[in-house]
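S.K.: curious how this folds, go ahead:
(2 chains, ligands or ions: 2)
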Protein chains: 2
Amino acid sequence: MKITISQAPNYNEETVTIGAWLANKRSSGKIAFLQLRDGTGFMQGVVAKSDVSEEAFQLAKSMPQESSMYITGKIVEDARSPFGYEMQVSNIELIHEAIDYPITPKEHGTEFLMDHRHLWLRSKRQHAIMKIRNEIIRATYQFFNDGGYVKIDPPILTGSSAEGTTELFHTQYFDEEAYLSQSGQLYMEAAAMAFGKVFSFGPTFRAEKSKTRRHLIEFWMIEPEMAFIDHEESLEIQEQYVSFIAQSVLDNCKLELNVLERDTSKLEKIKAPFARISYDDAVVLLQEKGFTDIKWGEDFGAPHETAIAEAYDKPVFIINYPAEIKAFYMKPDPERSDVVLCADLIAPEGYGEIIGGSQRIDDLSLMEERYQQHDLTGPAYQWYLELRQYGSVPHSGFGLGLERTVAWLSGVDHIRETIPFPRLLNRLYP
Amino acid sequence: MKITISQAPNYNEETVTIGAWLANKRSSGKIAFLQLRDGTGFMQGVVAKSDVSEEAFQLAKSMPQESSMYITGKIVEDARSPFGYEMQVSNIELIHEAIDYPITPKEHGTEFLMDHRHLWLRSKRQHAIMKIRNEIIRATYQFFNDGGYVKIDPPILTGSSAEGTTELFHTQYFDEEAYLSQSGQLYMEAAAMAFGKVFSFGPTFRAEKSKTRRHLIEFWMIEPEMAFIDHEESLEIQEQYVSFIAQSVLDNCKLELNVLERDTSKLEKIKAPFARISYDDAVVLLQEKGFTDIKWGEDFGAPHETAIAEAYDKPVFIINYPAEIKAFYMKPDPERSDVVLCADLIAPEGYGEIIGGSQRIDDLSLMEERYQQHDLTGPAYQWYLELRQYGSVPHSGFGLGLERTVAWLSGVDHIRETIPFPRLLNRLYP
Ligand SMILES: [Mg+2]
Ligand SMILES: [Mg+2]
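M.R.: Ligands and ions are numbered 1, 2, ... in the order given. Predicted structure coming up:
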């Protein structure tokens, strides 16, 4: 019977064969302990000299790290391992001997590991982070599918841009110039008018020459957009969504959180509702905390967001920023036109902004005013204006940055570990 | 109670309010029939002069197409409608009057509709196609999540390419030149060695100057890759996957298939197993059918694929193509090195190739030979070679083109209707 490590609990006391790699091993005299991995999990294989052929035992003792094999044996319960099962090996069939695998159990520098990302992904820690990423993606689809949202894929190649073209990648699109999308939002608004509630999940791009632990050049965003939903209703959807993915990770990634030594008590607190603090109050809070650099009307940086988040033990919405520092399409507060109906959701523990969202302008003449102010002309923008011309409705939406969310829930310091093949300043390989 | 049209069956005989647009209407004397849409569905609202205020009745009679409203009334069963329910309207609150909506119930030319894609998506037919697309995506995640696959997002910006660089979009990546990915496969192979079974779902790009009803410049692919899985096992996964999405569409998109007048008896036949025909036999079959242009060693075009598919009433695998006309990474048939262990899955009814897949070369020295033949050098390719150096294992994978699959299951002739915002030769807007 050919099974995977993840299926082992269903084959207790049965003899099975698993295709696997050797993650690590130790041996002494008449016994060898193989740390096996097959992608679905990690499990120990115990090779006793008396149980196997001389050839298989020599293999177990000599096989180098990352060699591949079909390994056969009996699955037995093992109370000492976090996985709960091990294999009493009866045979090993070598597939391929890996000579001098570059990533050994000793410490390696970051640049070295990044150069070997295609192999580094095999390590226990990277494996755990990607499984958590996978669970967040799975739970995202579940949340929005169950909520009646239609998945809409906005285009990547665009002639228009939601927030200026200075940090965009350019490409020649036959006779025209095109940009790589840094947000699908404008298209998602068109889609919300056709499908009511929609969400996207796709790559976005920023040609930003910054090198921080929070920024990637290519990153994935989830962008829901909802017709007939106002700002406050959107905040409720956001806190439910974030609570749902946190709970899903807690429920379905226990082994992985354990590998990462994540403090799960912090994650258990991520339950809706989340607090809201106005931008106005946040400025006062920062000034009280000694941030003399920040004045009303200025945008917050990472240190400010961290300081604000410290006042809470779960994510916090900073709402109603000054219109001046936010995107042209955000709806002004009807009671105060100098601020807009928007929110950034700031994660605790210094993980920063994970969601930006707002209610959108639905009034045609106000949007025309914004077009003039921002000099938005031509076919790239005309269609977006028309959404306010034909059956305009109140609508709201938001964008969640997948990698920052992975970093936060996994407890990973640097965002480069949260995506399979990170694209960074001066890193296009592997 | 604020609900959506899709929720109406749960509110039979209850009075509810729905945010909606006016898709169409007809009226005569003392009654108006409003065709309402809210993105989740279409439903008729019946406005009797005697049931509503004079103002609301005038609104019902005069409101132009695509005006938006909150509409209130009692949900009642309606045996004549495919949806099964209608609303007996008691009030209408206009949100926004749409003046001169450009897409009227009369016929429009394709270019006109494509120019208005942001609005065209609202029409019943386009709505149905996108809901089927959504169902295929949902079912894809279900199939691979349930099968223990990890979702891996390969990079879009790459320095390497699986199949030559002639039809790639270029961009300046800081000091380097980068391409937009036309397949994530090479990365998915690295991921399969780390996670066992993986799948991707993301955009891919071909800068092809062709204008056919089957080609998009930007399209979405699902690319699974499996370690310890050989070619024949991969074919079984493919036929199970395709059968699963076809069945999901049949089960969950009844209204949409009805709108599209899809012959569902054709879809009901899509059940595993699918026939396999060798490339050798396909050439003979084509020659027998009178295709005098095709000789052994040449690739099939769309007319050839259609002719082969006509011999079957469900999808058919064409297996074992000549190595010469297939990608460098495909594993030669151990019994015959002039053909490779690959398959294209051809949909019936002339919808063409929807999957291409193969077992991959796992032998390091053979892969090194291929590198020399294809002149693959530098950091863009070195990492891929290393997958054969460290614990190489038999592995297979495939790529399904989402839009072609949507076209086929929806019964849509032109691929431009299968993606929300198609990118075509000379079409970058909206
Ligand atoms: Mg911010
Ligand atoms: Mg083909």
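
S.K.: which parts of the stretch 101-250 of chain A are helices?
M.R.: Ranges of helices in the stretch 101-250 of chain A, per DSSP state H, counting those that start in this stretch, are A:110-115, A:117-120, A:124-146, A:185-195, A:231-252.

S.K.: most packed of those helices?
M.R.: Mean neighbours per residue, mean count of other Cβ atoms under 10 Å in any protein chain shown, is largest over the helices of the stretch 101-250 of chain A for helix A:185-195, with a mean of 26. In this view, the C-beta of every residue, glycine as well, is placed from N, C-alpha and C.

S.K.: what about it, near chain B?
M.R.: Yes. Interface with chain B: helix A:185-195 contributes A:187, A:190, A:191, A:192, A:193, A:194, A:195 (Cβ under 8 Å from any Cβ of the partner chain).

S.K.: ok, stretch A:199-213 next?
M.R.: Yes. Using Cβ under 8 Å from any Cβ, stretch A:199-213 comes into contact with chain B via A:202, A:203, A:205, A:207, A:209.

S.K.: in strands only, show me those residues.
M.R.: A:202, A:203, A:205 (DSSP state E).

S.K.: what's near enough to touch the residue of the stretch 51-200 of chain A found nearest chain B?
M.R.: Closest approach between the stretch 51-200 of chain A and chain B, counting by Cβ to the nearest Cβ: residue A:196, at 2.5 Å. Neighbour list for residue A:196: A:148, A:150, A:226, A:227, A:228, B:4, B:38, B:39, B:40 [criterion: Cβ atoms under 8 Å, 6 or more residues apart in numbering or on different chains].

S.K.: mind putting the residues of helix A:185-195 next to chain B into CSV with pLDDT?
M.R.: Shown next, in CSV, are these (pLDDT from 0 to 100):
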residue, pLDDT
A:187, 97
A:190, 98
A:191, 98
A:192, 98
A:193, 98
A:194, 98
A:195, 98
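
S.K.: surely residue A:412 touches residue A:128?
M.R.: No. At 9.6 Å, residue A:412 does not count as touching residue A:128 under the criterion of Cβ atoms under 8 Å.

S.K.: need the residues touching each of those two.
M.R.: Taking Cβ under 8 Å, 6+ apart as the criterion, residue A:412 and residue A:128 both touch residue A:260.

S.K.: strands of the stretch 151-300 of chain A, residue ranges please.
M.R.: A:157-158, A:170-173, A:176-180, A:197-205, A:218-227, A:275-278 (DSSP state E, counting those that start in this stretch).

S.K.: nearest to ligand 1, out of these?
M.R.: strand A:275-278 (13.4 Å; Cβ to the ion).

S.K.: can you pull the buried residues of that closest one?
M.R.: By neighbour count on 16 or more other Cβ atoms under 10 Å in any protein chain shown, the buried set for strand A:275-278 is A:276, A:277.

S.K.: can you classify residue A:79 by secondary structure?
M.R.: coil (DSSP: H, G, I helix; E, B strand; the rest coil).

S.K.: ok, the residues of helix A:185-195 next to chain B vs ligand 2, which is closest?
M.R.: Of the residues of helix A:185-195 next to chain B, the one sitting nearest to ligand 2 (Cβ to the ion) turns out to be residue A:187, at 30.9 Å.

S.K.: next, count neighbours for the closest residue to the closest one other than its chain neighbours.
M.R.: Nearest residue to residue A:187 in three dimensions, chain neighbours excluded: residue A:154, at 3.7 Å (Cβ to Cβ, 6 or more residues apart in numbering or on different chains). Counted with other Cβ atoms under 10 Å in any protein chain shown, residues neighbouring residue A:154 total 24.

S.K.: now do the helix or strand containing residue A:407: distance to the chain's middle.
M.R.: Using DSSP states H and E, the element containing residue A:407 is helix A:402-410. Once both centres are worked out by Cα atoms, centre = their mean, to the nearest Å, helix A:402-410 turns out to sit 5 Å from its chain's centre.

S.K.: average pLDDT for that helix?
M.R.: In this model, helix A:402-410 has an average pLDDT of 98.

S.K.: next, the angle from that helix to strand A:197-205.
M.R.: Here helix A:402-410 points in a direction 100 degrees away from that of strand A:197-205 (axes from the mean of the first three to the mean of the last three Cα atoms, to 10 degrees).

S.K.: report the contact partners of residue A:336.
M.R.: residue A:320.

S.K.: please redo it, this time with the cut-off set to 10 Å
M.R.: When the contact criterion is Cβ atoms under 10 Å, 6 or more residues apart in numbering or on different chains, the partners of residue A:336 are A:280, A:320, A:323.

S.K.: same check, this time on residue A:64
M.R.: Applying Cβ under 10 Å, 6+ apart, the residues contacting residue A:64 are A:22, A:25, A:97, A:98, A:99, A:100, A:101, B:390, B:391.

S.K.: also residue A:200?
M.R.: Neighbours of residue A:200 in contact, by Cβ under 10 Å, 6+ apart: A:144, A:149, A:151-154, A:183-185, A:187-188, A:191, A:220-225, A:397, A:399, B:420.

S.K.: from those residues, which are also near ligand 1?
M.R.: The subset of the contacts of residue A:200 lying close to ligand 1, counting by Cβ under 5 Å from the ion, is empty.

S.K.: test my guess that residue A:355 contacts residue A:241.
M.R.: Yes. Contact criterion Cβ atoms under 10 Å: residue A:355 and residue A:241 qualify, at 8.7 Å.

S.K.: what's the overlap in contacts for the two?
M.R.: Joint contacts of residue A:355 and residue A:241 (Cβ under 10 Å, 6+ apart) are A:222, A:345, A:398, A:400.

S.K.: who does the strand or helix carrying the last one pair up with?
M.R.: Meaning residue A:400. If you go by DSSP H and E, residue A:400 is part of strand A:395-401. Sheet partners assigned to strand A:395-401 using DSSP bridges are listed as strand A:218-227 (antiparallel), strand A:352-359 (antiparallel).

S.K.: export those strands to CSV and tack on mean pLDDT?
M.R.: Listed next are those as CSV, based on pLDDT from 0 to 100:
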stretch, mean pLDDT
strand A:218-227, 98
strand A:352-359, 98
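
S.K.: what's the neighbour count on the nearest residue to residue A:4 once chain neighbours are set aside?
M.R.: Excluding its sequence neighbours, the residue lying closest to residue A:4 (Cβ to Cβ, 6+ apart) is residue A:40, at 4.3 Å. When neighbours are counted by other Cβ under 10 Å, residue A:40 registers 23.

S.K.: residue A:40 reaches residue B:148, doesn't it?
M.R.: Yes. At 6.0 Å, residue A:40 counts as touching residue B:148 under the criterion of Cβ under 10 Å.
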